[in-house]
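Any chance you can model this:
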Amino acid sequence: MPMRGLTIVVVQPDPDRWRAALTMACAAAALGARTRVYLHEGAVALLATAAAAPPGLPDATELRVIAGESGVELIACQTGLALAGLAADTERVAAGGWIDLLATLADDRLVTL
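As a prediction, the model looks like this:
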């Protein structure tokens with residue numbers, strides 16, 4: 001039986017929450033779950049920052065690469081992209097909003113960080 005999906009919502013531009021979301025997403029993807037990370041409004045700015053990591057651990061940029069290679073879908077709030085002056089294609093994320101996220105939730109577990 002396949003593992004239930006996981007949708008993680010990052011609600012604040014907090015680098016620790018961002019790292020936690022990416023780490024959790026990579027773990028769920030490694031277990032075969034459909035995994036999505038949604039950055040809400042101000043959290044979208046995290047895409048343009050290079051948060052440091054504790055020694056010996058991957059930083060947020062490296063975690064994004066690992067997440068992408070693992071099949072994690074990164075979704076950025078359309079409003080947040082506009083507020084941060086970022087574009088979905090240059091940040092290599094999907095642009096989306098709450099309606100689409102909830103409409104496609106299916107039986108995913110929903111985690112908010």
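
phi, psi of Leu110?
Here is the backbone geometry of Leu110 (degrees, to the nearest 10): phi -110, psi 120.

if I read this right, it contacts Arg36, doesn't it?
No. With the criterion set as CB atoms under 8 Å, Leu110 and Arg36 do not qualify as a contacting pair; they are 9.9 Å apart. Bear in mind the C-beta positions are built from the backbone N, C-alpha and C, glycine included.

so how far is Gly56 from the residue nearest in space to the middle of the chain?
Closest residue to the average C-alpha location of the chain: Val37 at 2.8 Å, with CA atoms, centre = their mean. With the distance defined as CB to CB, to the nearest Å, Val37 ends up 23 Å from Gly56.

and Met3, what element?
Using DSSP states H and E, no element contains Met3; it sits outside every helix and strand.

before we move on, what about Asp16?
Using DSSP H and E, Asp16 falls within helix 15-30.
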